[in-house]
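1. for reference, the sequence and a predicted model appear below.
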Amino acid sequence: MYANPLRICASCPRRMRLGASAFAVMLALALWLAAPPAARANEPQFQNGDGISLVSQSQNGREIDLTVNTTDVQGQHKIIVLLPEGYDANPSERYPALYLLNGALADPTQWVSNGGAAAQITDPYPAIIVMEDGGVKGWYYNWKSCASICPENWESFHNLQVVPWIDSN
(Lines give C-alpha, C1' and ligand atoms only; values in the text may rest on other atoms or scores of the structure.)
Protein backbone atom coordinates (compact mmCIF):
# COMPACT_ATOMS: atom_id res chain seq x y z
CA MET A 1 0.00 0.00 0.00
CA TYR A 2 1.32 3.44 -0.89
CA ALA A 3 1.50 6.29 1.57
CA ASN A 4 -0.22 9.51 0.55
CA PRO A 5 2.28 12.34 1.20
CA LEU A 6 -0.55 14.87 1.60
CA ARG A 7 -2.64 12.71 3.91
CA ILE A 8 -3.89 14.78 6.79
CA CYS A 9 -4.40 12.90 10.02
CA ALA A 10 -6.92 13.80 12.68
CA SER A 11 -4.23 13.88 15.37
CA CYS A 12 -2.10 16.46 13.48
CA PRO A 13 -2.17 20.01 14.81
CA ARG A 14 -4.84 22.19 13.14
CA ARG A 15 -2.31 24.57 11.59
CA MET A 16 -0.46 21.57 10.03
CA ARG A 17 -3.73 20.39 8.42
CA LEU A 18 -4.44 23.91 7.16
CA GLY A 19 -0.87 24.23 5.88
CA ALA A 20 -1.17 21.03 3.84
CA SER A 21 -4.50 22.16 2.41
CA ALA A 22 -3.09 25.58 1.53
CA PHE A 23 -0.09 23.90 -0.10
CA ALA A 24 -2.38 21.76 -2.29
CA VAL A 25 -4.40 24.81 -3.38
CA MET A 26 -1.23 26.80 -4.14
CA LEU A 27 0.24 23.91 -6.13
CA ALA A 28 -2.93 23.61 -8.25
CA LEU A 29 -2.95 27.37 -8.87
CA ALA A 30 0.74 27.38 -9.82
CA LEU A 31 0.22 24.55 -12.33
CA TRP A 32 -2.72 26.38 -13.89
CA LEU A 33 -0.76 29.64 -14.10
CA ALA A 34 2.25 27.85 -15.62
CA ALA A 35 0.31 27.37 -18.86
CA PRO A 36 0.69 30.43 -21.07
CA PRO A 37 -2.46 32.60 -20.90
CA ALA A 38 -2.79 32.65 -24.71
CA ALA A 39 -2.75 28.85 -24.82
CA ARG A 40 -5.50 28.59 -22.18
CA ALA A 41 -7.66 31.23 -23.84
CA ASN A 42 -7.27 30.08 -27.45
CA GLU A 43 -7.15 26.32 -27.05
CA PRO A 44 -9.93 24.91 -29.25
CA GLN A 45 -12.55 23.06 -27.23
CA PHE A 46 -13.89 20.15 -29.27
CA GLN A 47 -17.55 19.26 -28.81
CA ASN A 48 -19.41 15.99 -29.43
CA GLY A 49 -21.31 15.65 -32.69
CA ASP A 50 -21.63 13.88 -36.04
CA GLY A 51 -21.62 10.48 -34.29
CA ILE A 52 -18.37 11.24 -32.44
CA SER A 53 -18.02 11.51 -28.66
CA LEU A 54 -14.91 13.14 -27.26
CA VAL A 55 -13.20 11.00 -24.59
CA SER A 56 -10.14 13.18 -23.97
CA GLN A 57 -8.32 16.20 -25.34
CA SER A 58 -4.84 17.54 -24.65
CA GLN A 59 -2.74 20.16 -26.37
CA ASN A 60 1.01 20.54 -26.59
CA GLY A 61 1.91 23.63 -28.60
CA ARG A 62 0.25 23.36 -32.00
CA GLU A 63 -0.60 19.65 -31.61
CA ILE A 64 -4.00 18.62 -30.25
CA ASP A 65 -4.34 14.96 -29.28
CA LEU A 66 -7.90 13.68 -29.24
CA THR A 67 -9.37 10.35 -28.22
CA VAL A 68 -12.88 9.66 -29.48
CA ASN A 69 -15.62 7.06 -29.58
CA THR A 70 -17.78 6.69 -32.66
CA THR A 71 -21.00 4.97 -33.60
CA ASP A 72 -19.36 3.60 -36.77
CA VAL A 73 -16.29 1.77 -35.41
CA GLN A 74 -15.78 -0.13 -32.17
CA GLY A 75 -13.35 1.10 -29.52
CA GLN A 76 -11.56 4.37 -28.89
CA HIS A 77 -9.66 6.08 -31.67
CA LYS A 78 -6.96 8.75 -31.88
CA ILE A 79 -7.22 11.88 -33.93
CA ILE A 80 -4.29 14.30 -33.97
CA VAL A 81 -4.80 17.87 -35.16
CA LEU A 82 -1.80 20.03 -36.03
CA LEU A 83 -2.67 23.73 -36.10
CA PRO A 84 -0.87 26.12 -38.46
CA GLU A 85 1.70 28.60 -37.19
CA GLY A 86 -0.09 31.72 -35.90
CA TYR A 87 -3.41 29.95 -35.34
CA ASP A 88 -3.60 31.17 -31.75
CA ALA A 89 -3.43 34.82 -32.90
CA ASN A 90 -6.69 34.45 -34.83
CA PRO A 91 -8.48 31.14 -34.08
CA SER A 92 -11.68 32.23 -35.85
CA GLU A 93 -9.91 32.39 -39.22
CA ARG A 94 -10.94 29.56 -41.56
CA TYR A 95 -8.15 27.29 -42.82
CA PRO A 96 -8.17 24.45 -45.33
CA ALA A 97 -7.80 20.99 -43.80
CA LEU A 98 -5.41 18.31 -45.02
CA TYR A 99 -6.07 14.74 -43.88
CA LEU A 100 -3.03 12.47 -43.53
CA LEU A 101 -3.95 8.79 -43.38
CA ASN A 102 -1.68 6.18 -41.83
CA GLY A 103 -0.78 2.90 -43.48
CA ALA A 104 -1.41 -0.63 -42.24
CA LEU A 105 -0.09 -1.61 -38.82
CA ALA A 106 0.43 2.07 -37.92
CA ASP A 107 -1.60 4.77 -36.21
CA PRO A 108 -1.80 8.56 -36.43
CA THR A 109 1.06 9.03 -33.97
CA GLN A 110 3.47 7.86 -36.69
CA TRP A 111 3.02 11.26 -38.34
CA VAL A 112 4.19 13.22 -35.28
CA SER A 113 6.35 10.99 -33.06
CA ASN A 114 10.16 10.88 -33.20
CA GLY A 115 10.45 13.78 -35.62
CA GLY A 116 7.47 12.59 -37.68
CA ALA A 117 6.98 13.97 -41.15
CA ALA A 118 3.70 15.88 -40.61
CA ALA A 119 5.25 19.16 -39.48
CA GLN A 120 8.13 18.94 -41.97
CA ILE A 121 5.77 18.38 -44.89
CA THR A 122 3.09 20.89 -43.94
CA ASP A 123 4.73 23.76 -42.04
CA PRO A 124 5.09 26.03 -45.08
CA TYR A 125 1.32 25.90 -45.67
CA PRO A 126 -1.41 27.63 -43.62
CA ALA A 127 -3.59 24.56 -43.13
CA ILE A 128 -5.05 22.47 -40.34
CA ILE A 129 -3.56 18.99 -40.55
CA VAL A 130 -5.72 16.08 -39.34
CA MET A 131 -4.25 12.64 -38.70
CA GLU A 132 -6.94 10.12 -37.86
CA ASP A 133 -6.94 6.48 -36.88
CA GLY A 134 -7.52 4.04 -39.73
CA GLY A 135 -7.41 0.93 -37.59
CA VAL A 136 -4.77 -1.76 -37.83
CA LYS A 137 -6.81 -3.49 -40.54
CA GLY A 138 -9.43 -0.84 -41.28
CA TRP A 139 -8.28 -0.06 -44.81
CA TYR A 140 -10.66 2.94 -44.80
CA TYR A 141 -13.51 0.72 -46.00
CA ASN A 142 -16.89 -0.33 -44.56
CA TRP A 143 -16.52 -4.02 -43.74
CA LYS A 144 -19.64 -5.82 -45.00
CA SER A 145 -18.76 -9.22 -43.52
CA CYS A 146 -18.64 -7.80 -40.00
CA ALA A 147 -21.73 -5.57 -40.15
CA SER A 148 -24.03 -8.03 -38.38
CA ILE A 149 -21.76 -8.58 -35.34
CA CYS A 150 -19.65 -5.43 -34.97
CA PRO A 151 -19.53 -1.96 -36.48
CA GLU A 152 -16.43 -1.61 -38.66
CA ASN A 153 -17.51 1.23 -40.93
CA TRP A 154 -14.17 2.97 -41.44
CA GLU A 155 -15.21 4.68 -44.68
CA SER A 156 -18.27 6.20 -42.98
CA PHE A 157 -16.22 7.15 -39.91
CA HIS A 158 -13.72 9.12 -41.99
CA ASN A 159 -15.99 10.67 -44.60
CA LEU A 160 -19.33 11.12 -42.82
CA GLN A 161 -18.18 11.68 -39.24
CA VAL A 162 -14.59 12.97 -38.89
CA VAL A 163 -14.63 15.49 -41.76
CA PRO A 164 -17.88 17.25 -40.67
CA TRP A 165 -16.83 17.01 -37.00
CA ILE A 166 -13.49 18.72 -37.68
CA ASP A 167 -15.27 21.37 -39.78
CA SER A 168 -17.74 22.12 -36.99
CA ASN A 169 -15.06 22.30 -34.31
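-> That came through, no problem.

2. what score does the most centrally placed residue in the chain have for pLDDT?
-> Centroid-nearest residue in the chain, with CA atoms, centre = their mean: Leu66, separated by 1.9 Å. The model reports Leu66 with a pLDDT of 97.

3. list the buried residues in the strand or helix carrying it.
-> Using DSSP states H and E, Leu66 maps to strand 63-70. Neighbour-count burial for strand 63-70, counted by 16 or more other CB atoms under 10 Å, picks out 63-66, 68, 70. Yep, even glycine has a C-beta here, placed from its N, CA and C like the rest.

4. quick one: which of the residues you listed is nearest Ser92?
-> Proximity of the buried residues of strand 63-70 to Ser92 (CB to CB) peaks at Ile64, which lies at 16.5 Å.

5. so what's that closest one up against?
-> Going by CB atoms under 8 Å, 6 or more residues apart in numbering, Ile64 touches 43-44, 46, 57-58, 80-83.

6. what does Asp123 give?
-> Going by CB under 8 Å, 6+ apart, Asp123 touches Glu85.

7. and the helices in this protein?
-> Applying DSSP state H to the chain gives helices spanning 14-34, 37-42, 117-122, 154-156, 163-168.

8. circling back: narrow the contacts of Ile64 to those that are buried.
-> For those, buried by 16+ other CB under 10 Å: 43, 46, 57, 80-83.

9. save those as CSV, and put in distance to Asp167 and pLDDT too.
-> Formatted as CSV, the buried ones among the contacts of Ile64 follow (distance: CB to CB, whole Å; pLDDT from 0 to 100):
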residue, distance to Asp167, pLDDT
Glu43, 18, 71
Phe46, 12, 95
Gln57, 17, 97
Ile80, 17, 97
Val81, 12, 96
Leu82, 16, 94
Leu83, 15, 93
